[in-house]
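Novice: Provided below are the primary sequence and the corresponding predicted coordinates.
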Number of protein chains: 2
Amino acid sequence: MRILVLGGDGYLGWPTAMYLSRRGHRVGVVDSFFKRQWESELGVEPLVPILPLRERVKLWRSVTGLNISVAEADLCDYGRVQAIVKDFAPQAIVHYGEQPSAPFSMIDQQHTVLTQTNNISGTLNVLWALRWHAPDCHLVKLGTMGEYGTPNIDIEEGFIEIEHNGRKDILPFPKQPGSFYHLSKVHDSHNILFACHVWNLRSTDLNQGVVYGIETDETALHDGLATSFHYDEIFGTALNRFCVQAVAGMPLTLYGKGTQKRGFLNIRDTLRCVELAISNPPGAGEYRVFNQFTEIFSLRDLAALVKSQGGKMGLAVEIQHLENPRVEAEEHYYNARHQKLVELGLTPHKLSDVLIGSMLHHIQRNAHRIRRESILPRIKWDRTRRAYAAPAAPVLTGTK
Amino acid sequence: MRILVLGGDGYLGWPTAMYLSRRGHRVGVVDSFFKRQWESELGVEPLVPILPLRERVKLWRSVTGLNISVAEADLCDYGRVQAIVKDFAPQAIVHYGEQPSAPFSMIDQQHTVLTQTNNISGTLNVLWALRWHAPDCHLVKLGTMGEYGTPNIDIEEGFIEIEHNGRKDILPFPKQPGSFYHLSKVHDSHNILFACHVWNLRSTDLNQGVVYGIETDETALHDGLATSFHYDEIFGTALNRFCVQAVAGMPLTLYGKGTQKRGFLNIRDTLRCVELAISNPPGAGEYRVFNQFTEIFSLRDLAALVKSQGGKMGLAVEIQHLENPRVEAEEHYYNARHQKLVELGLTPHKLSDVLIGSMLHHIQRNAHRIRRESILPRIKWDRTRRAYAAPAAPVLTGTK
């Protein structure tokens, strides 16, 4: 199948491109490299050095004999998006090509507007390009479980049957996203649903949980094929950050009580879920939502797991509670359905001591690269209207 | 009270500014004049000539002795928005400052992206400016009943209690908007709700029905105070268009069966509703939604009313069904609550023969200005992927 991976330079995009390439698909990767620019601006970088995309693709060919095509493109440039869709004629598009960080979107007005205009315009451009040039292509869009927030009822997969005053309808599940970034994903979801309805496009919206993990079968083939594992306050996710803190001898930092519950999944399952969506496309005009995670944990429980496994490896791990920089419920009901991908054949990689141990070892080999100053949260959601204090001396990412 | 009216050059913004000025408020009007530019681009213009905003303000002062301040500003220019909010220190903002047309947003990729980035960025900039410079100001935001679509259950005012698997929560009412324009309003609503939550801002989201009418107490004071009444396919609304068609001797054009039902209100009630919202502000951190319309009609019933009243005035009025240019349900359940404004004191101006007769007379006096070629729908929502045929020879709006 001809598959475009938008945002194919990123943490999930690059492993997805390799995974699909290895399974015989004709893969094209599109990226703007904006994320590398944002990393520089904010003084953060991935744990392991990441080769330029074209170098990684060259290495992929030399290791596997397989070709991956590359286009540099800003999805907000409609002319480029059209040209790529016309030229590549994709049968599926996996769309990771968005600003992916909640804290980034909360820094200030500029970062809020950049996040929403970038994410919304890029996705609208993809929809318009599909409408004219590839209307039967299947758009696999990465959304997030964070779109739902933490309602006091069970979270369904995208839609819910509501009975009200004696009448019934199946309606989009009400969303309560928790940052301007999460809001941008909600806006995308509404736009895509509408485009499927009026233009008979087909799309799967993957409302993904928090991804953890550093290695896939493909990154393991060569050090130079590594993916951009983040642990910083901007692009890092919870479990990944805890593991880095444990290795760095820093306390694991919980935001507030740490009783917040979220859905999590292994990066290997992300790749499998995308594959399952692609292999089982929706019909023309169909917009469907899969909740893409495998297990629910509280952040406190995750920290305890890392502490326990770290202890077995001789690491003295402490847990510290910080004033919560976000505005979010800390004690709440959380039960979210995630059946549809299992029904299509997903066999989850559940979180285990082995996995955490393997992550800790991987991180230990790169411990000298950990930037301790980039981990603690400085960006506040700000219910009390405190000012965001920019780092006094931002460290620019440079070549060595 | 110090009140800013954003989009104060428009159909509703200008009458709102005069109405509030006459009631003793200190009014400032902000506009980018983009809508006048879009009219030129698309070859449409209001029924009666509209003086430049600064001329209308001068005339307002000479007629009433009252001052209205004016600032030209693009709300997407955050520096300007900040400067205006700091300088004027508004206690309330009435926000009409958005691209207001559904067909405009469906023309092509450019008009879709313009609509969403313009509307979303402008509103985000207002929110950020309030957060820093006027956090207690009350944001009265104009949304639309079109955000809800036509669900098969009763439409509540913004939120709905959902019982699901034995648990309950009050959640945002699920939205099913019918164009990229309506989607932009849904995106705004989600963004504003979030900003109220994290920054303790206060806002009233007025989900307004279809407005009809050409005259208010203030526009009646002088011909030069008229508001920009539209009847064209881009900016015109249903009843206004029917009245112009009746005067022009053209058939009233229903889209499809005409059995679509919508909420409607008189332009005079728009002004009163805005005043009621301002006089009864929400608390800090509160985001509330009022459904702002007074009566529900099917389009077919409205056309019949115009035909009947036209007949009494000697106009031979026919009704014609066109292939529906939109993708929308034509036969559907429709019952939307609209209690909150009534509870605050709204006494509706119900639609009557007298009102329709008065509109027809008003239009007759300007019949020589009707551009018949701008009325019929050329922009298609396009489920079958037909191309949008741009007008062969667009007529530019010029000065006489």
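Specialist: Now that the structure is in, tell me what you want to look at. Residues are numbered from 1 along each chain as shown, chains lettered A, B, ... in the order given.

Novice: who in the stretch 1-150 of chain A is up against chain B?
Specialist: Residues of the stretch 1-150 of chain A lying near chain B by CB under 8 Å from any CB of the partner chain: A:78, A:108-110, A:112-113, A:116-117, A:120-121, A:124-125, A:128, A:131, A:135. In short, each C-beta sits where N, CA and C put it, glycine included.

Novice: now with 7 Å?
Specialist: Proximity of the stretch 1-150 of chain A to chain B (CB under 7 Å from any CB of the partner chain) is limited to residues A:78, A:109, A:112-113, A:116-117, A:120-121, A:124-125, A:128, A:131, A:135.

Novice: From the residues you listed, which land in helices?
Specialist: A:Tyr78, A:Gln109, A:Thr112, A:Val113, A:Gln116, A:Thr117, A:Ile120, A:Ser121, A:Leu124, A:Asn125, A:Trp128, A:Arg131 (DSSP state H).

Novice: how many neighbours does the first one have?
Specialist: The number of residues packed around A:Tyr78, counting by other CB atoms under 10 Å in any protein chain shown, is 21.

Novice: how near is the residue lying closest to it once chain neighbours are set aside to B:Ile170?
Specialist: Leaving out its chain neighbours, the residue that sits closest to A:Tyr78 by CB to CB, 6 or more residues apart in numbering or on different chains is A:Asn125, at 4.7 Å. Counting by CB to CB, to the nearest Å, the separation of A:Asn125 from B:Ile170 is 36 Å.

Novice: A:Ser358 too?
Specialist: Look at A:Ser358 and B:Ile170: by CB to CB, they are 44 Å apart.

Novice: Neighbour count: these two, which is higher?
Specialist: Relative neighbour count places A:Ser358 above the other of A:Ser358 and B:Ile170, with 16 against 13, counting by other CB under 10 Å.

Novice: Buried ones in the helix or strand encompassing that one, by neighbour count?
Specialist: Take DSSP states H and E as the rule and A:Ser358 turns out to sit in helix A:353-365. The neighbour-count check on helix A:353-365 (16 or more other CB atoms under 10 Å in any protein chain shown) flags A:Leu355, A:Ile356, A:Ser358, A:Met359, A:Leu360, A:His362, A:Ile363 as buried.

Novice: May I ask which helix or strand encompasses the nearest residue to the second one once chain neighbours are set aside?
Specialist: Once its chain neighbours are removed from consideration, A:Ile356 has its nearest residue in A:Gln309; the separation is 4.4 Å (CB to CB, 6+ apart). Following DSSP H and E, the helix or strand that holds A:Gln309 is helix A:299-312.

Novice: Straight-line length of stretch A:89-109, end to end?
Specialist: End-to-end distance of stretch A:89-109 (CA to CA, to the nearest Å): 37 Å.

Novice: That stretch: how far from the chain's middle?
Specialist: Its chain's C-alpha centre and that of stretch A:89-109 lie 8 Å apart, by CA atoms, centre = their mean, to the nearest Å.

Novice: again, but for stretch A:80-95
Specialist: 21 Å.

Novice: Any buried residues in that stretch, and which?
Specialist: By neighbour count on 16+ other CB under 10 Å, the buried set for stretch A:80-95 is A:Arg80, A:Val81, A:Gln82, A:Ile84, A:Val85, A:Phe88, A:Pro90, A:Gln91, A:Ala92, A:Ile93, A:Val94, A:His95.

Novice: Out of the residues of the stretch 1-150 of chain A next to chain B, which is nearest to B:Ser184?
Specialist: Proximity of the residues of the stretch 1-150 of chain A next to chain B to B:Ser184 (CB to CB) peaks at A:Ile120, which lies at 9.3 Å.

Novice: what's near enough to touch that closest one?
Specialist: A:Ser184, A:His187, A:Asp188, B:Gln116, B:Ile120 (CB atoms under 7 Å, 6 or more residues apart in numbering or on different chains).

Novice: Check it and give its pLDDT.
Specialist: Looking at A:Ile120, its pLDDT reads 98.

Novice: For A:Arg2, see how far away it is.
Specialist: With CB to CB as the criterion, A:Ile120 and A:Arg2 are 26 Å apart.

Novice: wait, doesn't A:Asp169 sit right on B:Thr150?
Specialist: No - with contact defined as CB atoms under 7 Å, A:Asp169 does not count as touching B:Thr150 (9.8 Å).

Novice: Quick check: which ranges of chain A have low pLDDT?
Specialist: For chain A, the stretches flagged by pLDDT under 70 are A:383-400.

Novice: Strands of that one, start to end?
Specialist: Using DSSP state E, the strands of chain A run over residues A:2-6, A:26-31, A:68-72, A:92-95, A:138-144, A:159-164, A:167-172, A:202-208, A:210-212, A:252-255, A:261-266, A:287-292, A:295-298, A:319-322.

Novice: Let's have these in TSV, adding distance to B:Leu305.
Specialist: Below are these laid out as TSV (distance: least, CB to CB, whole Å):
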stretch	distance to B:Leu305
strand A:2-6	51
strand A:26-31	54
strand A:68-72	57
strand A:92-95	48
strand A:138-144	44
strand A:159-164	31
strand A:167-172	28
strand A:202-208	42
strand A:210-212	56
strand A:252-255	59
strand A:261-266	53
strand A:287-292	38
strand A:295-298	56
strand A:319-322	63
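
Novice: quick revisit: specify the angle between the helix holding A:Ser358 and strand A:261-266 in degrees.
Specialist: With axes from the mean of the first three to the mean of the last three CA atoms, to 10 degrees applied, the angle from helix A:353-365 to strand A:261-266 works out at 70 degrees.

Novice: quick one: contacts of helix A:353-365?
Specialist: Identification of contacts with helix A:353-365 by CB under 7 Å, 6+ apart yields A:47, A:213-215, A:243-244, A:246-247, A:305-306, A:309-310, A:313.

Novice: and those, which are buried?
Specialist: Buried among those by 16+ other CB under 10 Å: A:Leu47, A:Gly213, A:Ile214, A:Glu215, A:Cys243, A:Val244, A:Ala246, A:Val247, A:Leu305, A:Val306, A:Gln309, A:Gly310.

Novice: Please work out how many residues are found near whichever residue of the stretch 301-400 of chain A sits closest to chain B.
Specialist: Scanning the stretch 301-400 of chain A for the residue nearest chain B gives A:Val327, at 4.5 Å (criterion: CB to the nearest CB). By other CB under 10 Å, the residues close to A:Val327 number 18.

Novice: which one is A:Val48 nearest to, not counting chain neighbours?
Specialist: Once flanking residues are discounted, A:Val48 sits nearest to A:Ala226: 4.7 Å by CB to CB, 6+ apart.

Novice: Could you double-check that that neighbour lies in contact with A:Pro46?
Specialist: No - with contact defined as CB under 7 Å, A:Ala226 does not count as touching A:Pro46 (8.1 Å).
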